[in-house]
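1. My questions are about this predicted structure, shown below with the sequence.
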Amino acid sequence: MSVSPWSVPRPSGWSRRDFLAAAGSGVLALGGCGGARRQSAGTRLLKAALNGARQPGSHAALPTTPDEFAEAARGAVQAGAGAIHVHVRDPAASESVRAEDVGRIVTAVRSVVPDTPIGVSTHFGIVGDAEQRHALVTEWSVLPDFASVNFNEPGAASLAELLMDKGVGVEAGLFDAAATSTCVESGLAPDCLRLMMEPRGGDFEDAARNVAEMEFVLDAAEVDRPRLLHGFRATAWQLIELAAQLGYDTRAGLEDTFELADGTTARDNAEIVAAAGRLIATVTG
């Protein structure tokens, strides 16, 4: 069973930031709050990553407008997604973190999946300047439920603190052991909504080795937050399977792959999410 974290009563005296840290992955297991390294099948999250930095038109179902994001989110949730992640686009279909663009996309998606947590990307390449990015995020008024912050990027820690102070959950993007160490050393890892392991590398062996190195850093620091593992393109399906084996959250969608596990081109995000759900069910029984 999962519910929106904002519908659950908070202990008196807790701030929204405190509750974000306790709520963990955006879903609350019966019996209490909090993340554990190896989550039960009942609390594992499958997140839909709808578009990423993909070029508009690179796939027929890649969303760029508010209506397209809304329809893609609706289909993904119906297919089994428990959270939505988007790279916000402006009216010209360029990536954006401007308040008006974030507000427009988040509002459109929230209108069709009001009980599903919605997250947005803040990756450095959207703006290309850490101070400007920070200033733009400061202006957000319509807030997503969470935002991803890549800890290999300039200004990551201060951006994460800003988001937490605004009541937005932080999904820490960890590409390798160095970024993982940066996150741990910032002191913010225990306050993060999720620790999202995103290993780079073109083959599964390199990706799996990268995952093991990130796990070592997190385990050595005894960071006990929900972990999400996913791959890109050639490793997308293998890392979904590995995430299921490890008991981690994962994600699926057109951001990570245009193809199903058998190599055929997916129709849309919903088809990828549904296939990922079936794979997870096969692994976990």
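-> Yep, it's here.
2. going forward, measure contacts between C-alpha atoms and count neighbours the same way
-> Fine.
3. those helices in the chain, which residues are they?
-> Counting by DSSP state H, the chain has helices at residues 16-23, 66-78, 99-112, 130-138, 156-165, 177-185, 204-220, 236-246, 269-284.
4. Please name whichever of these is nearest to A252.
-> Closest of these to A252 is helix 269-284, at 5.6 Å (criterion: Cα to Cα).
5. Counting by contacts, list what that closest one packs against.
-> In terms of contacts (3 or more Cα pairs under 8 Å, 6 or more residues apart in numbering; DSSP states H and E), helix 269-284 is packed against strand 46-49, helix 66-78, helix 236-246, strand 250-252.
6. Tell me how far the second one lies from the chain's centre.
-> Here helix 66-78 shows a centroid-to-chain-centroid distance of 16 Å under the convention Cα atoms, centre = their mean, to the nearest Å.
7. Remind me what it packs against, helices and strands.
-> So helix 66-78, by 3+ Cα pairs under 8 Å, 6+ apart, packs with strand 46-49, helix 99-112, helix 269-284.
8. swap in the third one?
-> When contacts are defined as 3+ Cα pairs under 8 Å, 6+ apart, helix 236-246 packs onto strand 227-229, strand 250-252, helix 269-284.
9. Could you say which one of those comes nearest to T64?
-> Nearest to T64, of all those, is helix 269-284, at 13.2 Å by Cα to Cα.
10. Name the residues that touch the closest one?
-> 41, 46, 48-50, 61, 72, 75-81, 237, 240-241, 244-245, 252-254, 259-260, 266 (Cα atoms under 8 Å, 6 or more residues apart in numbering).
11. Off-centre distance for that helix?
-> Relative to the centre of its chain, helix 269-284 is centred 17 Å away, using Cα atoms, centre = their mean.
12. orientation of it relative to helix 66-78 in degrees?
-> Taking axes from the mean of the first three to the mean of the last three Cα atoms, to 10 degrees, helix 269-284 and helix 66-78 form an angle of 20 degrees between their directions.
13. what about stretch 270-283, average pLDDT?
-> If you average the pLDDT over stretch 270-283, you get 97.
14. make that stretch 74-85, sorry
-> Average pLDDT, stretch 74-85: 98.
15. do the same with stretch 174-194
-> The average pLDDT within stretch 174-194 is 98.
16. now the end-to-end length of that stretch.
-> Start and end residues of stretch 174-194 are separated by 10 Å (Cα to Cα, to the nearest Å).
17. Repeat that for stretch 181-190.
-> One end of stretch 181-190 sits 13 Å from the other (Cα to Cα).
18. Please identify the buried residues of it?
-> S181, T182, C183, V184, L188, A189, P190 (16 or more other Cα atoms under 10 Å).
19. Kindly present the residues you listed as CSV, with separate columns for distance to P117.
-> Output for the buried residues of stretch 181-190, formatted as CSV (distance: Cα to Cα, whole Å):
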residue, distance to P117
S181, 27
T182, 26
C183, 23
V184, 25
L188, 21
A189, 20
P190, 20
